Every structure is written in structure tokens, then in C-alpha cells.
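Asks: Pasting the sequence and the predicted model now:
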Amino acid sequence: QVQLVESGGGVVQAGGSLRLACGASGRSFSSYAMGWFRQAPGKEREFVAAMRSSATTLTYKDSVEGRFTISIDNVKHTLYLHMNNLKPEDTAVYYCAVSLGGAESLQARSLYHYWGQGTQVTVSS
């Protein structure tokens, strides 16, 4: 079992920055692929960013590339999402997720086996 707890959400003005954190416990964190997804009201949960645990592969949703950065601290077992130049359309509940492996794309929700409870990000215009 893997337990994930997100933090760092909040309310920020457009153009501002936030850093989300996802603490993991229960299993070795360094063996997995990890990602961030988000869900806005009335919309499907969508991919935001993901990486292999070795950090050899990173991928981003087109609309966040260049503004968001995913990173991991394997010593602290914590995944981060650094978000800069935030826009109102980034408003959503953000979830971190961990994969035990699989053939699906890093961007596929079905790849991931464990999910956090989510943290709200609200960007005001």
C-alpha cells in the first residue's frame, strides 16, 4: 500500500506561483512512476505532468509546459509540482498519483494505482 498526501494548494492571483507537494509513505517511493492530475468542476480528471522515478522521462500537458515543473525528492519521499504564471483556467483540485508499472502512457489515468485526496488550487483573474 502507498499513502499519498497532497499539500500546498490555495488561492493565488493570475500570474502568481504555487508549489504543490505530495508526501508518500508505505512503500519505497523511488521505484515508481509518479504524476499530477487535476479536475475542474464539471470536467473529467485530466493529466498535468508525470515522470518516471529515474527522472529519465518527464511529460507535461501542452498548456502547462514551460510554466509547471514536476520534480521529486527521493530522500524525503516527496513529489512536487512547481506552478508559475498561473492562469484562471488552472483552477482545479490537483491530485498526485503513483504507478506500480504498466504498459500505458504516463498520461493515462489507468496507469496509476494510488491517488491522493487532492488539494484545491484557485487562480483569480
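Replies: Nice, I can see it. Numbers count the residues shown, from 1 in each chain.
Asks: Grab the most central residue of this protein for me.
Replies: residue 36 (2.0 Å; Cα atoms, centre = their mean).
Asks: Next up, the contacts around that one.
Replies: 20, 22, 48-50, 70, 79, 81, 94-97 (Cβ atoms under 8 Å, 6 or more residues apart in numbering). Quick note: C-beta positions are derived from backbone N, CA and C, even for glycine.
Asks: Do me a favour and get the backbone dihedrals for it.
Replies: Backbone geometry at residue 36, expressed as degrees, to the nearest 10, gives phi -120, psi 140.
Asks: Tell me the buried residues within the contacts of residue 36.
Replies: For those, a neighbour count by 16 or more other Cβ atoms under 10 Å gives the buried set as 20, 22, 48-50, 70, 79, 81, 94-97.
Asks: Pick the one among these closest to residue 41.
Replies: Nearest to residue 41, judged by Cβ to Cβ, of the buried ones among the contacts of residue 36 is residue 94 at 13.5 Å.
Asks: For that closest one, give the beta-bridge partners.
Replies: With DSSP bridges as the criterion, residue 94 is bridged to residue 38, residue 119.
Asks: And it, how far from residue 35?
Replies: In this view, residue 94 and residue 35 are 11 Å apart by Cβ to Cβ, to the nearest Å.
Asks: what is in contact with these two at once?
Replies: residue 48.
Asks: where along the protein do the strands fall?
Replies: For the chain, applying DSSP state E gives strands covering 3-7, 10-13, 18-25, 33-39, 46-51, 58-60, 68-73, 78-83, 92-99, 114-115, 119-124.
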